[in-house]
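K.L.:
3D, please:
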Amino acid sequence: MWLPHKAVLAMKLGKNLLFILPPICQFDDDKVFFLRIYQRAVEACGQDYRSDKIWEAYVEWEKQTDKYRVLKLYRQFLGCVIQRHQYHFDKFREWIFFTPVKDMVTMEDIKELLTRHKAEAERRRIETEKKIKEEEEQARAAAEEAARLAEEQRKQAEEEEAKIQEDIKRMQEEQKMAVLGDQPPGIEEVTMEGVEDQEPAPVEAEEEAVQEEAVKEEAEEEEKVEDVVAMQEDAVEEIKEEEKPEAVEQMTEDFDKVDMEEPLPDSPEALTAKQEAAIREQMLLDMAPIHEKILAEIEEVVTFEDGIKRPYFHVKELERVQLKNWKNYLNLIIEKKNNPRTIILFERCLIACAFYEGFWIKYINFMSDIDKEVTSSIYRRACMVHLVKKPYIHLNWAAFEEERGNLEIAREALDHIDKGMPGLIAVILRRAGLERRTGNIEQGGDIIKLAIENCRGRETRDFWINKYIGYLQYSAKEIDVARKFLNEQIERNPRNKKLYVRLLDLEHSSGTQYPNCAAVVAVFDKALTSSLTIEEKAGFSHRRLTFLEEFGDNVTAIISAYEDHNKNWKTVLDEKKKESSVPIKDYKRRDNYSNNRNYNRDRNYNRDRNYNHQNNYNQNNFNNQGGAGGYKTSENLHQQPFTPASDGNTNMNYNMQHAQQQQQYQQWYSQYAQQQQFAAQGAPQGAPQYQQPQQNRGY
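P.N.:
Prediction:
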């Protein structure tokens with residue numbers, strides 16, 4: 001049975017196939033074959049976001065066939081960015097805790113896990129001790145800082161208290177001086193005794209109240225400082241009491257699980273419960289950082305995955321939102337520089353976007369720096385299957401293969417697009433260029449000559465003739481063949497000015513250092529005696545004069561050319577210059593102007609007629625009703641209403657005269673042009689003479 005490498009990208013098809021095959025596998029050869037199928041499946045699409053079903057089926061199959069490969073497979077499985085990653089990680093944890101260790105790992109793996117667990121436990125113990133010391137130092141520093149702040153606050157309070165006592169003493173002395181006043185000497189003691197016996201003055205009471213309040217405030221501040229210091233010390237003690245036991249418990253748990261001096265077991269049956277717990281813990285510790293990393297990556301791509309509404313192929317065009325989602329998704333994964341995952345995403349994208357050339361080119365540009373052979377296969381798949389009528393990617397494929405030296409594949413790519421879309425100029429020129437670069441000059445010329453025979457349209461034919469002449473002149477170095485071919489084309493189409501011009505260029509540049517004057521003049525004579533128009537012949541005559549002035553070696557030929565030009569062609573060029581200087585009459589504009597003028601004239605005429613009719617009607621009513629004082633006379637009663645003299649025939653006659661005048665002017669212009677042509681060629685006898693029509697406008 002054969003499973004296509006890329007067909008596994010169709011997830012449902014691959015999943016159903018992988019679920020159907022296990023019951024069929026009965027022999028060892030079948031198991032080996034099916035193992036290869038699973039490996040090819042996960043290799044082809046294991047990095048895909050929706051490949052969790054295939055991984056899950058692979059894990060279940062390995063649990064039944066080779067239980068020692070399950071752990072390695074789980075590590076590979078959970079290292080991929082897939083959907084429902086947390087669910088599969090929980091299944092992995094269940095498998096670890098509910099499966100015997102001897103059924104999960106071999107003896108070599110057991111020793112390795114225990115050794116790494118001991119080293120990890122020692123590392124964590126050292127880190128824990130270091131952390132505890134750092135926390136103790138931080139607590140000690142915090143306590144010292146709190147004590148320093150308390151001492152500063154105490155000193156500040158003492159200074160404030162001393163200041164208050166000095167103020168009190170000063171106020172008492174001032175009060176005593178105020179009580180004594182200006183008493184005569186000798187009675188101070190008596191007065192002071194009387195003052196002491198008296199009750200304290202109101203001022204002394206106020207001072208005592210101020211002193212008591214200051215003492216209270218000082219006591220309150222001291223209490224606050226003491227409370228802050230006590231709270232800080234309590235917090236430090238709590239931190240020590242809380243964190244230190246946790247670290248100690250963690251360390252004791254680690255040492256309880258595996259003793260540092262305990263020897264490694266010789267067989268899986270000799271494992272203790274602590275060693276089995278240590279092995280399970282080490283398995284989870286190995287997967288924990290990978291799990292966190294994958295969850296972070298899933299958060300980045302889940303938005304793009306939800307935006308994929310049509311992951312399958314369809315002939316209908318995708319919406320712009322879908323195309324933009326694919327483009328941004330690819331750019332994100334390319335920046336990750338995970339080549340297998342990027343390739344899988346490109347393959348998924350090209351299932352839905354198979355008809356979009358931009359995604360194929362993006363895929364090719366990505367793979368060109370990784371694998372040239374794979375890039376060539378991508379080119380073939382795109383051009384031969386999906387983009388059969390896209391010339392740009394075919395040209396890129398041909399250039400890619402030609403650069404690698406695969407000329408046959410390059411020819412195949414160009415022939416394929418030439419058959420699919422014949423007549424493309426870029427493709428034909430690339431085919432001819434390929435043959436020229438490989439040394440097949442004759443075959444390259446045959447390709448362009450065949451394009452001349454198969455083309456349609458005069459412009460296209462002239463283009464290919466110029467290309468073929470240039471190829472013969474510069475690539476093949478066959479000037480005689482090019483000259484012969486041009487003469488044949490001129491005989492076939494003698495009215496084609498471009499052929500004469502190309503023949504002139506050929507003769508002008510055929511000389512090694514100096515143009516062949518006789519050959520070039522012969523081409524000019526051939527053009528002047530051909531069936532070209534008079535204006536084109538006049539142009540060739542003027543060009544002949546210029547050439548002879550620059551390269552002519554015989555003055556007699558120059559004088560003869562001037563005489564012929566002045567006699568036969570100069571008047572044509574002068575008339576052409578006059579015609580180009582005079583603006584062209586816009587008959588359409590003149591007709592529009594005449595029509596507008598007629599319309600305005602008719603409108604004015606109708607307006608005047610209506611006005612006169614209404615005026616006469618009002619005048620009759622005025623007269624009938626006894627105008628001019630209200631007196632009715634017999635003349636007013638018998639007065640007839642106004643009748644216009646015209647009934648619209650005037651406008652019709654004017655239009656007929658204008659049409660006749662236009663026809664006469666056209667006849668006159670045609671006769672004038674014909675006479676000018678006869679004058680340039682020499683008017684034959686009996687030629688009709690034009691007569692300018694009389695300008696009879698009729699209005």
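
K.L.:
quick one: average pLDDT of stretch 423-431?
P.N.:
The predicted model gives stretch 423-431 an average pLDDT of 94.

K.L.:
give the buried residues for that stretch.
P.N.:
424, 427-431 (16 or more other C-beta atoms under 10 Å). For every residue, glycine as well, the C-beta is placed using N, CA and C.

K.L.:
stretch 34-53 now?
P.N.:
34-35, 37-38, 40-42, 44-53.

K.L.:
mind listing what Arg483 touches?
P.N.:
503, 506-507, 510 (C-beta atoms under 8 Å, 6 or more residues apart in numbering).

K.L.:
which ones among the residues you listed lie within helices?
P.N.:
Counting by DSSP state H, these place 503, 506-507, 510 in helices.

K.L.:
now, which of those residues sits nearest Lys163?
P.N.:
Closest approach to Lys163 among these (C-beta to C-beta): Leu506, at 116.9 Å.

K.L.:
hmm, that closest one is touching Leu486, no?
P.N.:
Yes. Between Leu506 and Leu486 there is a contact under C-beta atoms under 8 Å: 6.6 Å.

K.L.:
mind putting the buried residues of stretch 423-431 in JSON lines, secondary structure included?
P.N.:
Below are these laid out as JSON lines (DSSP: H, G, I helix; E, B strand; the rest coil):
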{"residue": "Leu424", "secondary structure": "coil"}
{"residue": "Val427", "secondary structure": "helix"}
{"residue": "Ile428", "secondary structure": "helix"}
{"residue": "Leu429", "secondary structure": "helix"}
{"residue": "Arg430", "secondary structure": "helix"}
{"residue": "Arg431", "secondary structure": "helix"}
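
K.L.:
out of those residues, who's nearest Glu575?
P.N.:
Nearest to Glu575 among the buried residues of stretch 423-431, counting by C-beta to C-beta, is Leu429 at 42.2 Å.

K.L.:
what is the least confident helix or strand in this structure?
P.N.:
None of the helices or strands of the chain scores lower by mean pLDDT, DSSP states H and E than helix 634-637, at a mean of 38.

K.L.:
let me have the contacts of Arg483 in JSON lines, extended by pLDDT.
P.N.:
Listed next are these as JSON lines, based on pLDDT from 0 to 100:
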{"residue": "Leu503", "pLDDT": "91"}
{"residue": "Leu506", "pLDDT": "90"}
{"residue": "Glu507", "pLDDT": "88"}
{"residue": "Ser510", "pLDDT": "77"}
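
K.L.:
would you map the helices across the stretch 1-150 of the chain?
P.N.:
In the stretch 1-150 of the chain, the segments counted as helices under DSSP state H, counting those that start in this stretch are 11-20, 28-45, 52-65, 70-78, 85-97, 107-180.

K.L.:
any idea of the mean pLDDT for the longest one?
P.N.:
Spelled out, that is helix 107-180. 84.

K.L.:
then the second one?
P.N.:
The predicted model gives helix 28-45 an average pLDDT of 78.

K.L.:
repeat for stretch 668-686
P.N.:
On average, stretch 668-686 scores 65.

K.L.:
and stretch 324-332, by the same measure?
P.N.:
Rounded mean pLDDT across stretch 324-332 is 94.

K.L.:
mind listing what's buried along that stretch?
P.N.:
325-327, 329-330.

K.L.:
which of the residues you listed sits closest to Arg124?
P.N.:
Of these, the one sitting nearest to Arg124 (C-beta to C-beta) turns out to be Tyr329, at 40.3 Å.

K.L.:
quick one: that closest one from Val70, how far?
P.N.:
According to C-beta to C-beta, to the nearest Å, Tyr329 stands 32 Å off from Val70.

K.L.:
equivalent analysis for Ala518, please.
P.N.:
For Ala518, the distance to Val70 equals 94 Å [C-beta to C-beta].

K.L.:
looking at those two, which is more packed in?
P.N.:
Taking other C-beta atoms under 10 Å, Ala518 and Val70 do not tie; Val70 has more neighbours (24 against 11).

K.L.:
can you count the residues close to the residue nearest to the more buried one when sequence neighbours are not counted?
P.N.:
The shortest distance from Val70 to any non-neighbouring residue, by C-beta to C-beta, 6 or more residues apart in numbering, is to Glu62 (5.2 Å). A count of neighbours around Glu62, defined by other C-beta under 10 Å, yields 19.

K.L.:
test my guess that Glu62 contacts Leu73.
P.N.:
Yes. With contact defined as C-beta under 8 Å, Glu62 reaches Leu73; the gap is 5.5 Å.

K.L.:
ok, back up a step: could you dump the helices of the stretch 1-150 of the chain into TSV and include distance to Ala273?
P.N.:
Listed next are the helices of the stretch 1-150 of the chain as TSV, based on distance: least, C-beta to C-beta, whole Å:
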stretch	distance to Ala273
helix 11-20	38
helix 28-45	35
helix 52-65	24
helix 70-78	20
helix 85-97	13
helix 107-180	13
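
K.L.:
out of those helices, the one nearest Ile378 is which?
P.N.:
helix 28-45 (15.3 Å).

K.L.:
for the closest one, packing partners?
P.N.:
Applying 3 or more C-beta pairs under 8 Å, 6 or more residues apart in numbering; DSSP states H and E, one finds that helix 28-45 contacts helix 11-20, helix 52-65, helix 339-352.

K.L.:
buried set for stretch 287-305?
P.N.:
Residues of stretch 287-305 classed as buried by neighbour count (16+ other C-beta under 10 Å): 287, 291, 294, 297-298, 301, 304.

K.L.:
list the contacts of it.
P.N.:
49-50, 74-75, 78-81, 83, 85-86, 89, 92, 325, 328-329, 332-333, 336.

K.L.:
make CSV out of the helices and strands packed on helix 28-45 and add distance to Met384.
P.N.:
Converted to CSV, the helices and strands packed on helix 28-45 look like this (distance: least, C-beta to C-beta, whole Å):
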stretch, distance to Met384
helix 11-20, 23
helix 52-65, 29
helix 339-352, 14
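
K.L.:
so can I have TSV of these showing distance to Asn406 and mean pLDDT?
P.N.:
Compiled in TSV, those are given as follows (distance: least, C-beta to C-beta, whole Å; pLDDT from 0 to 100):
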stretch	distance to Asn406	mean pLDDT
helix 11-20	33	49
helix 52-65	36	85
helix 339-352	23	91
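
K.L.:
any idea which of these gets closest to Tyr312?
P.N.:
helix 339-352 (6.5 Å).

K.L.:
what comes up buried for that closest one?
P.N.:
Under 16+ other C-beta under 10 Å, the buried positions of helix 339-352 are 341-350, 352.

K.L.:
from the contact counts, what lies against that helix?
P.N.:
helix 28-45, helix 320-336, helix 357-367.

K.L.:
circling back: just the closest of the buried residues of helix 339-352 to Thr556, please.
P.N.:
The nearest member of the buried residues of helix 339-352 to Thr556, counting by C-beta to C-beta, is Leu350 at 75.1 Å.

K.L.:
quick one: that closest one and Phe359 touch, right?
P.N.:
Yes. Leu350 lies in contact with Phe359 (C-beta under 8 Å); the separation is 6.1 Å.

K.L.:
stretch 545-556 - what's its average pLDDT?
P.N.:
87.

K.L.:
with stretch 569-582 instead?
P.N.:
69.

K.L.:
now stretch 383-393
P.N.:
93.
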